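>>> Got a predicted structure plus its sequence, pasted below:
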Amino acid sequence: MTPSSSASAASTALSVNVNKVALVRNTRHLGIPDVVRAARLCLEAGAHGITVHPRPDERHIRSGDVYDLAALLAQWPGREYNIEGNPFHNLMDFVRAVRPQQATFVPDSTDQFTSDHGWNLAQDSERLRPLIDECHALGVRVSLFMDPLPDTMAAARAVGADRVELYTEPYAAAWGTPQAAAELARYRAAALAAQVVGLGVNAGHDLNRDNLGPFVHEVPGVLEVSIGHALVADALELGYAATVRAYLACLPPSPQAAA
Ligand SMILES: CC(=O)[C@@H](O)[C@H](O)COP(=O)(O)O
Ligand SMILES: NCC(=O)COP(=O)(O)O
């Protein structure tokens, strides 16, 4: 399929995180599974973008992957590249070199098992502000990885963020339990609070085929979900194309037809 194909028409964009393809690739010196091929197959199936989280220890996504994927995305006008990381570590070097459509600032330590919390803006706003300003000067949208706390959204806007990414692990952990409805209400309140102050809302972490649909149905105005671990696990069974289509089917359709 040529890169001119359209992404699926959806009001919530699906950005596929390919960290875990790289993780498997790194266990042998054979170059397979190919991270760029995985990303291309996902884009051909209608994914709106690709996300990577190049951690400093290169446990999965390596520097070369970041640049190889940038070259791929350059062939797909209208699809977005989202690079995640801690801006006080290695993220900004990638942002300066690659200028992705979006940078997602995540407050992870270098040895963290996985992302498990959002920013403490009372502590970090002043350090974040110049880096957010630099991203804007480079034409890069900034999303801050945040816990679903309505009272923190004004500070996220005040520091200059364009969007917040709601950390969705607590929702995923509650899925299928009596606490699920209460968790959804928390995310709904956080999303509304973000939108009231002019922030766009993204979401991610531990989203999957079961919990994605209810989330985007109950939480208004989610612009993008970035999904990796469960999606790649599903792709091991279904293949990338069928898996991406299955995730897109969970997202609300809209007349918007992305380029
Ligand atoms: C920020 C976040 O929740 C994920 O995007 C992150 O990329 C997960 O990192 P691992 O894939 O290393 O668990
Ligand atoms: N920002 C979330 C992301 O990119 C992927 O998270 P997960 O689906 O691997 O948990």
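Received the coordinates, thanks. Numbers count the residues shown, from 1 in each chain. Ligands and ions are numbered 1, 2, ... in the order given.
>>> bridging residues for the single nearest residue of the stretch 151-259 of the chain relative to ligand 2?
Here the stretch 151-259 of the chain gets closest to ligand 2 at one residue, residue 204, 2.7 Å apart by C-beta to the nearest ligand atom. In this view, the C-beta of every residue, glycine as well, is placed from N, C-alpha and C. According to DSSP bridges, the residues that bridge with residue 204 are residue 167, residue 226.
>>> What is the neighbour count of it?
25 (other C-beta atoms under 10 Å).
>>> wait, it sits on residue 229?
No. Judged on C-beta atoms under 8 Å, residue 204 makes no contact with residue 229 at a distance of 10.1 Å.
>>> Residue ranges in the chain under the pLDDT threshold?
For the chain, the stretches with pLDDT under 70 are 1-2, 4-6, 8-10, 253-259.
>>> Quick test: name the residue nearest the centre of it.
Nearest to the mean C-alpha position of the chain, counting by C-alpha atoms, centre = their mean, stands residue 226 at 3.3 Å.
>>> before we move on, the earlier item: the residue of the stretch 151-259 of the chain closest to ligand 2: what's it in contact with?
Contacts for residue 204 were tallied using C-beta atoms under 8 Å, 6 or more residues apart in numbering; they are 17, 51, 165-168, 225-227.
>>> and with 10 Å instead?
By C-beta atoms under 10 Å, 6 or more residues apart in numbering, the residues touching residue 204 are 15, 17, 51, 82, 84, 104, 106, 115, 143, 145, 165-169, 224-228.
>>> filter the residues you listed by proximity to ligand 2?
For ligand 2, the contacts drawn from the contacts of residue 204 by C-beta under 6 Å from any ligand atom are 17, 51, 84, 165, 226-228.
>>> out of these, which touch ligand 1?
Answer for the ones next to ligand 2 among the contacts of residue 204 near ligand 1 (C-beta under 6 Å from any ligand atom): 17, 84, 226, 228.
>>> Now residue 194: closest residue in space that isn't a chain neighbour?
residue 153 (4.4 Å; C-beta to C-beta, 6 or more residues apart in numbering).
>>> What helix or strand is the one you found located in?
If you go by DSSP states H and E, residue 153 is part of helix 153-158.
>>> do stretch 243-256 and ligand 2 meet at all?
No. Using C-beta under 6 Å from any ligand atom, stretch 243-256 stays clear of ligand 2, with a minimum separation of 10.5 Å.
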